[in-house]
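In: just need the structure, nothing else, for what follows:
(chains A, B, C, D, E and F, ligands or ions: 3)
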Amino acid sequence: MAIDSGATAWILASTALVMIMTPAVGFFYGGLVRRKNLISMITLSFVAFALVSIQWVVIGYSLAFGSDVGGFIGNLEYLGLNNVGMEPGAFSSEIPGLLFMVFQLVFATVTMAIVTSGIAERVKFSAYLVFALLWTTIVYDPLAHWVWGGGWAAQFGALDFAGGTVVHISSGFAALALCLVIGKRVGFGKYVMEPNNIPLTILGAALLWFGWFGFNAGSALGANGLAASAFVTTNVAAAAGAMAWLLASWLNGKPSSLGFVSGAVAGLVAITPAAGFVTPMAAILIGAVGGVFCYGIMLWRIRKGLDESLDAWAIHGMGGLWGALATGIFAVAAVNGASGLIEGNVQQFVANAAGAFAAVIYAFVVTYILAVVIDKTIGLRVTEEEEYVGLDIAQHGERC
Amino acid sequence: MAIDSGATAWILASTALVMIMTPAVGFFYGGLVRRKNLISMITLSFVAFALVSIQWVVIGYSLAFGSDVGGFIGNLEYLGLNNVGMEPGAFSSEIPGLLFMVFQLVFATVTMAIVTSGIAERVKFSAYLVFALLWTTIVYDPLAHWVWGGGWAAQFGALDFAGGTVVHISSGFAALALCLVIGKRVGFGKYVMEPNNIPLTILGAALLWFGWFGFNAGSALGANGLAASAFVTTNVAAAAGAMAWLLASWLNGKPSSLGFVSGAVAGLVAITPAAGFVTPMAAILIGAVGGVFCYGIMLWRIRKGLDESLDAWAIHGMGGLWGALATGIFAVAAVNGASGLIEGNVQQFVANAAGAFAAVIYAFVVTYILAVVIDKTIGLRVTEEEEYVGLDIAQHGERC
Amino acid sequence: MAIDSGATAWILASTALVMIMTPAVGFFYGGLVRRKNLISMITLSFVAFALVSIQWVVIGYSLAFGSDVGGFIGNLEYLGLNNVGMEPGAFSSEIPGLLFMVFQLVFATVTMAIVTSGIAERVKFSAYLVFALLWTTIVYDPLAHWVWGGGWAAQFGALDFAGGTVVHISSGFAALALCLVIGKRVGFGKYVMEPNNIPLTILGAALLWFGWFGFNAGSALGANGLAASAFVTTNVAAAAGAMAWLLASWLNGKPSSLGFVSGAVAGLVAITPAAGFVTPMAAILIGAVGGVFCYGIMLWRIRKGLDESLDAWAIHGMGGLWGALATGIFAVAAVNGASGLIEGNVQQFVANAAGAFAAVIYAFVVTYILAVVIDKTIGLRVTEEEEYVGLDIAQHGERC
Amino acid sequence: MKLVKAIIKPERFEFVKKALEDKGFKGMTISEVRGRGEQKGIALEYRGGLMTVDLLPKIQIEIVVKATELDDLISTIMESAKTGKIGDGKIFVMPVEKAIRIRTGETEI
Amino acid sequence: MKLVKAIIKPERFEFVKKALEDKGFKGMTISEVRGRGEQKGIALEYRGGLMTVDLLPKIQIEIVVKATELDDLISTIMESAKTGKIGDGKIFVMPVEKAIRIRTGETEI
Amino acid sequence: MKLVKAIIKPERFEFVKKALEDKGFKGMTISEVRGRGEQKGIALEYRGGLMTVDLLPKIQIEIVVKATELDDLISTIMESAKTGKIGDGKIFVMPVEKAIRIRTGETEI
Ligand SMILES: Nc1ncnc2c1ncn2[C@@H]1O[C@H](COP(=O)(O)OP(=O)(O)O)[C@@H](O)[C@H]1O
Ligand SMILES: Nc1ncnc2c1ncn2[C@@H]1O[C@H](COP(=O)(O)OP(=O)(O)O)[C@@H](O)[C@H]1O
Ligand SMILES: Nc1ncnc2c1ncn2[C@@H]1O[C@H](COP(=O)(O)OP(=O)(O)O)[C@@H](O)[C@H]1O
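Out: Ligands and ions are numbered 1, 2, ... in the order given. From the prediction side, this is the model:
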């Protein structure tokens, strides 16, 4: 196994691309909240990047990618990046082991950022830091191990090209659990909470789309035909999701820019697990269905009065679920050797469904328990007075 | 023809870089309009990205790069990406065919975004969607075929390294035709229309400059000396254009930041067709002349009372024309085998001039007809009342 | 010496990444000043990019990387990019000579942008242009030569992987000298000068972090294990710096987002000279100490009533100094062949300290003299009336 | 002297300004406000469908004039601001006891 | 007629608006202002530690009513805006001589 | 009681605030407005050369005081806001019938 400089060049670039996604989640979310919580919302994402970066090199990478312990978790062989070096490693035949590690790092950070949707505009910053550290360790790291690190889901044959299950289902359902524990924002459903800065949200979406090329095409772990194919499927699924949500929501009102960018993210989420297994034409279908489906889920959430404030659950959680199933349906051997339902491989569909639903349950239940524990001890939520004043001033002493 | 992983890595990265240019055009334009149309302006660009992405994989790529039919258009061999795969293809000796396809895709999208200058703050969104779909099909795709897909201009020997004619002349003259059909904004020339967010425009310009490295240096289709050379010429032409416009406009008033960024874009446009054919010192000249020339054209446009609102014509159209001629003048064989006027090759200059003027006429005339047809049927423009209220609320139901 | 396409791909991408850092400095700084100077602040950075781009290809590159003259400066062999071509050159075994040149160019530009901290909200634009042109020529170019171009510091063995001394010490101490010459802003210390746009500053920080991967991992000049290692150390040092400043400042008040991003930059600065010489665990330490140390320096500066307005000195100057010493301490042979103090190599520490302090003195003294000369001739500062009105209107005729 | 406070639609502002200039009313102070009256709010989208916003952006113009010019001023504003549709706005007239020009200390307008 | 100018805490605004609606006060004009009074400023961070900002964001509500409705309006605002903490704000009452609806020319409110 | 409405140059605001503090005028409400008067507009650039903007940013200070303090307040503002150049702004004085502190119901200022 020798280093391929082209593959290394692309994964270096991909890692940078995925890195920008974490602050981009902050801009996306920040534009959607009220002005008094804008800095807070961006900061939650950006702090996730720093915190998880440290956790990952110290222990997270080892828990996720260390040698398998009972199908559930990795061992501590890579503690403190022990045994992770400049040469190719177990997971990276063409690129340095350290590069594979840091490419995985940026996935862990963005997952944490997505979760903040469920606690928007009401979380106590100190409690968030503790929560984030624990969540990434006991929810994300095991899930990454199951699917990518040689855990039970991998052994069972579940396909997840770039993290539909590990990143999106986990963060989406974690956001759902969190919002149930922390409760609704004061005034939710009673008066209008208008987004404060739609152009900022669009900027976030543009950077997400941009970074997602690293996310999905980088997951080929090489600069080759598969990377190109994943690049193309990613782009058309996003485009199809964006247009589909736009058109679907037009039936109910006007074609809003927020509908467009939400659909783009839904399309990107849906294609994530499938990016390296399906054809571009299938990707258009997966993206378009993702856009309409997530839009419907969001409408349902609002009707139910659920304050999962920025729709991580509707878009990432449910979109990720759709993507996992779609991968089991539309995978074709010509792309990457794996066949799905349409090529008659029922087994693949079952494996993917099993992996996805296991992740749904694990992420939801463990997050719920963790959130309750933190709420009972440190307290997850700011006081009502602080919520009125806004988290920017109350928690960060800043305003914009 | 085997895949070169280094070339593939660079074109993957370049495609991502060029992708960010399409929303960047939206930010650039969005900052220049009135606040009530900010979301609309950004959305026009971003929607162009999604819409053209789908059109391109379904049919556009085939029309542009399919086997030549009469010098004018490609055939349908690549319909729905048929025959476009992970292996190198007809146009890409070192990179996967799908990657070449998607690299071309992002050129088609950004071209569409530039065109929106001519209909800023007054276009009906539904009409725009129809227009965009038709325009990219009957204007952009044939032009791309002429120059890059083996059409008559290529056969005739016209040089266009990265799209001065295909992207910039076409979009600039299309914007001119559009603005003539749709008419001036209410109040244009009567009262001041102050830009609402200059920092956003500067952000757009910064992202354009950044992305343009993929645009021009990526057009080498390899990670080699030519890519490096194009990277350098791109950067110095942009710098020279920016400083030239800044200084020229200083004579009339103050050195404005908008003058600076407009000059940078003018320099970038001017060097686009020449990037891989000229030396860095010639690039400085091409960029500086581009900056001053486009500034002069813009002054002329304003004096004439033409409401080509955001100067796609002055900067992209006329800047692209200058670039096409400059390529025919300054190309030197030492860079890429082609000689221009300064090396005594009159033929090259004639070929480039012919290609450019043909594109001017084709883009202007066909766009004009298309715009008239849409105006007579769907109606291109919003009502006066909607224009007063602003397109953000009137067309998208949003505000910022 | 043949071109490696993978290395070339990575350095092309890295150059684009570093390019975005220069406008990013503008956004970072722009958010921190008062609204009436926002456009001015962004423009100072972006203009630095254009101006230094031209200077560098005309003469700067030759002064820095031409054959050594007396240990102090390069000769004129590369004047106007003479002898810099598409083939590998003296400094680039695997990449085109032009690419090495332009990769160095983007370092020179960002250095100039950092310097503008010391003259924020009060500099005369015309004087700035003259200053910038002279400063990059007589301060930056010689320093780059000393350390990277074969000058005395290189001969002496000082290690500076990606520019801690050349970029950060030089710009930080230049900013300090400038602020002493130009004097405090009117009202400084008397009334509160609230940052006008914290989200913009955070956006700048996000783009800086993103671009810094090109800065540090690109400095490996190859797509290899060393690049991966530098990528990792960069990321964890930034994360550690961010968290360290956040926590340290929490003791005095609230955990602010500005503290977080300032700490990130401090961590990035501190790791810059060390990125390719130390382990990730050492990088965490270097970053964390950098964060706390720069925070302390900043508090000291404020107590002293020094109006080095945006803390280039505290963060880049002093952070760069710490990084230079830390490189001499923590370098381990296993990473890149060089040993520091912890492996018993006192000589390395001495060389690094000598190089750093020489740069401190050179940058401070020459900048001070240059600033005085310009102040006495052209005048460095706007009138008090213009300062009240704000530089956006007074100098650029624009507002936002 | 009287203070005339007119709250009008933003899209009419350029017309009102022009009309005032033509009549020789130079001095004015304007601010961006939001208002509610008879006019129903507008429907905005926010991912999940419509929401109604009842405070709409308005421009508030404040002009201090001599009592003798009051009627002229009011009719100028009314003509230029009027669209005939709901939401056209209101004019309020309030007494001013004194007006001083800071630069000179004059108390004439 | 009277102009009631109430300067209140932004976080109370939704309550006040609701209370006014319930009492049938439909028309109002609001603007974002900053104010200072008894209330000490708030402490903000700016890299170098704390700074105190003494002008705090407030919402200013202006409502023109018939004199007979004045007391009802004032008590409605007072009840809904009050938190009992410093900074709750002020209400000022000023005379209005005339009110005109631009659309119709009516001078009733 | 009187309402003093002063419209001043933004660049003088910090001085005025300081002067008011020194004289013991604590309460005030300020807003960002744009105004036009004698002052010619400023010339701005917009790619195509100059354009003149005639509505310039101003700070509007509103202070309610007892009638006895009025003269002192006016002279304080005039001294601190004055630059002697055109555009220094205006002060308008208007009657206030009642002032109420929401927190306590007091009607003193
Ligand atoms: N009683 C009032 N007090 C203060 N402002 C009012 C009052 N009534 C209306 N306004 C202002 O006038 C604007 C227009 O009023 P509206 O009733 O919508 O229009 P119209 O008078 O044409 O029916 C409102 O948005 C509000 O700003
Ligand atoms: N004399 C005054 N003139 C104008 N506005 C005032 C005056 N006093 C207070 N205000 C406004 O009322 C707001 C609340 O006043 P403050 O004294 O802080 O609260 P409280 O009345 O509860 O003590 C201030 O922020 C300011 O906007
Ligand atoms: N008649 C008026 N009514 C309302 N505001 C006015 C009037 N005249 C002037 N102003 C306000 O005062 C500001 C300064 O007035 P201006 O005439 O420019 O200065 P000066 O009084 O020094 O000549 C204007 O920008 C405007 O906001």
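In: could you verify my assumption that A:P199 touches B:I39?
Out: Yes. In this structure A:P199 lies within contact range of B:I39 using CB atoms under 8 Å: 6.7 Å. Quick note: C-beta positions are derived from backbone N, CA and C, even for glycine.
In: so these two - more neighbours on which side?
Out: For A:P199 against B:I39, the residue with the higher neighbour count under other CB atoms under 10 Å in any protein chain shown is B:I39, and the figures read 28 against 22.
In: element containing that one, please.
Out: helix B:38-55 (DSSP states H and E).
In: buried ones in that helix, by neighbour count?
Out: For helix B:38-55, the neighbour count (16 or more other CB atoms under 10 Å in any protein chain shown) marks B:38-55 as buried.
In: circling back to that earlier point, so what sits against both of A:P199 and B:I39?
Out: Where contact means CB atoms under 8 Å, 6 or more residues apart in numbering or on different chains, the residues bridging A:P199 and B:I39 through contact with each are B:30, B:400.
In: measure the nearest residue to D:R103 once chain neighbours are set aside to F:K5 for me?
Out: In space, D:R103 comes closest to F:D88 once its chain neighbours are excluded; the distance is 4.0 Å by CB to CB, 6 or more residues apart in numbering or on different chains. Going from F:D88 to F:K5 by CB to CB, to the nearest Å gives 15 Å.
In: again, but for D:K90
Out: Taken as CB to CB, the spacing of D:K90 relative to F:K5 amounts to 19 Å.
In: test my guess that A:V332 contacts A:N345.
Out: No. At 9.9 Å, A:V332 and A:N345 do not qualify as touching, with contact defined as CB under 8 Å.
In: any shared contact partners between the two?
Out: Contact with both A:V332 and A:N345 is made by residues A:S339, according to CB under 8 Å, 6+ apart.
In: burial measure for residue 106, as a count.
Out: By default, I'm working from chain A. A:V106: 27 neighbours (other CB under 10 Å).
In: sorry, I should have been clearer: chain D.
Out: Using other CB under 10 Å, D:E106 has 11 neighbouring residues.
In: SS state for it?
Out: The three-state assignment at D:E106 reads coil, by DSSP: H, G, I helix; E, B strand; the rest coil.
In: contact partners for the nearest residue to it once chain neighbours are set aside?
Out: Once its chain neighbours are removed from consideration, D:E106 has its nearest residue in D:I100; the separation is 7.2 Å (CB to CB, 6+ apart). Residues near D:I100 by CB under 8 Å, 6+ apart: D:106-107, F:74, F:78, F:90-93.
In: which of these lies closest to chain C?
Out: Using CB to the nearest CB, F:M78 comes nearest to chain C of those, at 18.3 Å.
In: near that closest one, how many other residues are there?
Out: When neighbours are defined as other CB under 10 Å, F:M78 has 21 of them.
In: buried set for whichever strand or helix holds it?
Out: Here F:M78 is covered by helix F:70-81, with elements defined by DSSP H and E. Judged by neighbour count (16+ other CB under 10 Å), helix F:70-81 contains these buried residues: F:70, F:73-74, F:76-78, F:80-81.
In: closest to chain C out of the residues you listed?
Out: Scanning these for proximity to chain C, where the rule is CB to the nearest CB, the winner is F:A81, at 12.5 Å.
In: nearest spatial neighbour of the residue of the stretch 51-200 of chain A found nearest chain F, skipping sequence neighbours?
Out: Closest approach between the stretch 51-200 of chain A and chain F, counting by CB to the nearest CB: A:N196, at 18.1 Å. Taking CB to CB, 6+ apart as the measure, A:N196 lies nearest to A:R35, with 4.0 Å between them; neighbours along the chain are not counted.
In: can you pull the contacts of that neighbour?
Out: Shown here is A:R35, whose contacts under the criterion CB under 8 Å, 6+ apart are A:196-197, A:390, A:400.
In: spell out which residues of the stretch 101-250 of chain A are next to chain D.
Out: Counting by CB under 8 Å from any CB of the partner chain, the stretch 101-250 of chain A comes close to chain D at A:192, A:194-195, A:249.
In: out of those, who's the most crowded?
Out: Neighbour counts for those were taken using other CB under 10 Å; the highest belongs to A:S249, which has 27 neighbours.
In: give the contact list for that one.
Out: Residues in contact with A:S249, defined by CB under 8 Å, 6+ apart, are A:255-256, A:259, A:295, D:45, D:47, D:49.
In: as a markdown table, the residues you listed with neighbour count, pLDDT and secondary structure would be great.
Out: A markdown table is the format used below for the contacts of A:S249 (neighbours: other CB atoms under 10 Å in any protein chain shown; pLDDT from 0 to 100; DSSP: H, G, I helix; E, B strand; the rest coil):
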| residue | neighbour count | pLDDT | secondary structure |
| --- | --- | --- | --- |
| A:P255 | 24 | 96 | coil |
| A:S256 | 26 | 96 | coil |
| A:G259 | 31 | 97 | helix |
| A:Y295 | 28 | 97 | helix |
| D:E45 | 22 | 72 | strand |
| D:R47 | 22 | 74 | coil |
| D:G49 | 18 | 64 | coil |
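In: so can I have CSV of those residues showing distance to ligand 1?
Out: What follows is the contacts of A:S249, written out as CSV (distance: CB to the nearest ligand atom, whole Å):
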residue, distance to ligand 1
A:P255, 28
A:S256, 24
A:G259, 28
A:Y295, 33
D:E45, 22
D:R47, 27
D:G49, 25
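In: any idea which of those residues is closest to A:A13?
Out: A:A13 has its nearest neighbour among these in A:G259, at 31.2 Å by CB to CB.
In: now that closest one. Nearest residue, chain neighbours left out?
Out: Counting by CB to CB, 6+ apart, A:G259 lies nearest to A:S249, which is 4.2 Å off, once chain neighbours are set aside.
In: what of A:I286?
Out: Of all residues not flanking A:I286 in the chain, A:A326 sits nearest, at 4.7 Å (CB to CB, 6+ apart).
In: element containing the one you found, please.
Out: A:A326 is part of helix A:318-330 when elements are defined by DSSP H and E.
In: just checking, what packs against that helix?
Out: Secondary structure elements in contact with helix A:318-330, counted by 3 or more CB pairs under 8 Å, 6 or more residues apart in numbering or on different chains; DSSP states H and E, are helix A:170-182, helix A:257-271, helix A:280-303, helix A:346-377.
In: okay, those, which one's buried deepest?
Out: Of all these, helix A:257-271 carries the top mean neighbour count, a mean of 32, counting by mean count of other CB atoms under 10 Å in any protein chain shown.
In: all helices in chain D, in order from the N-terminus.
Out: Applying DSSP state H to chain D gives helices spanning D:13-22, D:70-81.
In: which elements pack onto the last one?
Out: Going back to what we said before, that points to helix D:70-81. In terms of contact count using 3+ CB pairs under 8 Å, 6+ apart, helix D:70-81 is assigned the packing partners strand D:2-8, helix D:13-22, strand D:56-65, strand D:90-95.
In: just give me the neighbour total for the closest residue to chain D within the stretch 1-150 of chain A.
Out: Here the residue of the stretch 1-150 of chain A nearest chain D is A:L32; by CB to the nearest CB that distance is 8.2 Å. Residues near A:L32, counting by other CB under 10 Å, number 29.
In: mind checking the SS state of the residue nearest to A:G259?
Out: Of the three states, A:S249 takes helix under three-state DSSP.
In: same check on A:G276?
Out: Secondary structure, three-state DSSP: A:G276 is coil.
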